[in-house]
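Asker: Would you be able to build a 3D model of this:
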Amino acid sequence: QGHLEESGGGLAQAGGSLRLSCVASYFTFEKYALGWFRRAPGKERNLVAAISWSGGTTHYADSVQGRFTISRDNAENTVYLQMNNLKPEDTAVYYCAADISYGTMVAVRPTRGLDYWGRGTQVTVSS
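Answerer: The predicted model follows:
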């Protein structure tokens, strides 16, 4: 059973930066698409950013385009989310996910659940 563990969350001021990391284990990392999702209080969990297995294709939610960058290091089994120019509305629990299909990862209404999820890390942005 695959395992994902997030780190790097915390408190930041508006305009500041944080970098989230997610380390994977117990599955073939380099074959999987990876994504970051977030759930704000009282809202649904939504896709923030995704990256294909090779790193050659990325996708961003409109709300973070130009501010967040997703990247991966297949040698270290790690995916990152660099978050710059943070806003209070970025406050949420951020989750790392992995799936064998990039298409499923970015689907608006996926037909099945993603393969693996982390437990999440809290990001709080103060104004």
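Asker: lowest-pLDDT helix or strand in the chain?
Answerer: Lowest mean confidence among the helices and strands of the chain (mean pLDDT, DSSP states H and E): helix 102-106, at a mean of 92.
Asker: Mind giving me the packing neighbours of that helix?
Answerer: In terms of contacts (3 or more C-beta pairs under 8 Å, 6 or more residues apart in numbering; DSSP states H and E), helix 102-106 is packed against strand 33-39, strand 45-51. Quick note: C-beta positions are derived from backbone N, CA and C, even for glycine.
Asker: same thing but at 10 Å, please
Answerer: Contact partners of helix 102-106 among helices and strands, from 3 or more C-beta pairs under 10 Å, 6 or more residues apart in numbering; DSSP states H and E: strand 33-39, strand 45-51, strand 58-60, strand 92-99.
Asker: roughly how far apart are the residue nearest the centre of the chain and residue 16?
Answerer: The centroid of the chain falls nearest to residue 36 when counting by C-alpha atoms, centre = their mean (1.4 Å). According to C-beta to C-beta, to the nearest Å, residue 36 stands 18 Å off from residue 16.
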